[in-house]
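# Sequence first, then the predicted structure:
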Amino acid sequence: MKTIKTVSEMQDCRKTLAEPVGFVPTMGYLHGGHISLVRKAREENVSVVVSIFVNPKQFGPNEDFEKYPRDLQGDLEILEEEGVDAVFAPEAAEIYPQDFNSRVEVLGITQKLEGNCRPGHFRGVTTVVNKLFNIVRPQRAYFGQKDAQQVIVIQKMVKDLNMNLEVITCPTIREEDGLAMSSRNIYMNPEERQSAIVLYRSLMLAQDMYQRGERDAEAIRKEMVRLIKTEELARIDYVSVADPATLDELDMITGKALVSLAVKFGKTRLIDNVVLG
Ligand code: AMP
């Protein structure tokens, strides 16, 4: 496995990789969610590239960029074990040199949900993912359903800009108690960690209501909010039942619905989702 720090080395390495190339962009501090993406990429491609880059442009000024967990050595050991061909782990100055002055932005859907709570977040994501796609030139790129809006935004960017690759969405991997795996889970103290189970319980409640025939989106939102509020430590950013294409809030569920939420436990902000229908 090659560990690569510079863009030019990555471009040179790419020339030596047998195709198709599968690519998994990450911010590192790898867990079972990331590993599931790597395994899927390993299954479906001849070569696999993983990037590890905590992208400063997708963090707001008061967010956790500085304290985002990092463990490059541990990550490399995991990726070596998974049979990855190359790991691209550049410094920020390599990706954004001083004269860097461009951006890639998907409009509309990036203003909703996460985009509404985290202004500029998706612009940071699409800018870096676009650069990574140009550097790695994968045939396939793998993303987690855990970050549902992120995949929707990236699919839109790929379609709108005629990027020549396939975006593959992989299911959310969870801890035994249902909490979605996330690098941010380690921020929580034991009480917060225990309370955070309510997120999965509220998504299961939504699924259960839907399966019993409920189609009134507001009724589902209300019950989810009620359940989440039974946890004193939970501070809701949003609970949404939206059209998965437009991310507009639904009144009645007639086709598919993306049920998503963002909730803070102390300083830790968690997101999760399920798709109904
Ligand atoms: P991150 O390192 O958090 O930027 O995540 C890198 C990729 O892993 C993204 O495509 C995420 O959606 C995906 N991912 C993160 N957590 C999970 C999870 N629990 N299950 C599946 N995919 C995940």
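Thanks, I have the structure now.
# what are the ranges of the strands in the stretch 51-200 of the chain?
For the stretch 51-200 of the chain, the strands defined by DSSP state E, counting those that start in this stretch cover 86-88, 140-144, 166-170.
# how far away is Lys264 from the ligand?
17 Å (CB to the nearest ligand atom, to the nearest Å). The way it works is simple: take the backbone N, C-alpha and C, and place the C-beta from them, glycine included.
# Also Pro171?
7 Å.
# Do I have it right that that residue meets Tyr142?
No - counting by CB atoms under 8 Å, Pro171 stays clear of Tyr142, with 11.4 Å between them.
# Comparing these two, which shows the higher neighbour count?
Tyr142 (28 against 11; other CB atoms under 10 Å).
# Mind telling me what element the closest residue to the more buried one other than its chain neighbours is part of?
Computed as CB to CB, 6 or more residues apart in numbering, the closest residue to Tyr142 that is not its neighbour in sequence is Leu37, at 4.3 Å. Assessed by DSSP states H and E, Leu37 sits inside helix 32-44.
# Name all residues that make contact with the closest residue in space to Ile186 that isn't next to it in sequence.
Spatial nearest neighbour of Ile186, chain neighbours left out: Pro69 (6.0 Å); criterion: CB to CB, 6+ apart. Contacts for Pro69 (CB atoms under 8 Å, 6 or more residues apart in numbering) come out as Tyr29, Ser183, Arg184, Ile186.
# The last one and Phe265, how far apart?
Noted for Ile186: a distance of 12 Å to Phe265, by CB to CB, to the nearest Å.
# Comparing those two, which residue is more hemmed in?
Shown here are Ile186 and Phe265; by other CB under 10 Å, Phe265 has more neighbours (23 against 11).
# Would you mind confirming that that one is in contact with Pro190?
No - assessed by CB under 8 Å, Phe265 is found out of contact with Pro190, at 11.2 Å.
# Grab the nearest non-local neighbour of Met252.
Met252's closest residue in space is Arg215 (CB to CB, 6+ apart), at 5.4 Å.
# pLDDT wise, what is the one you found at?
pLDDT, Arg215: 98.
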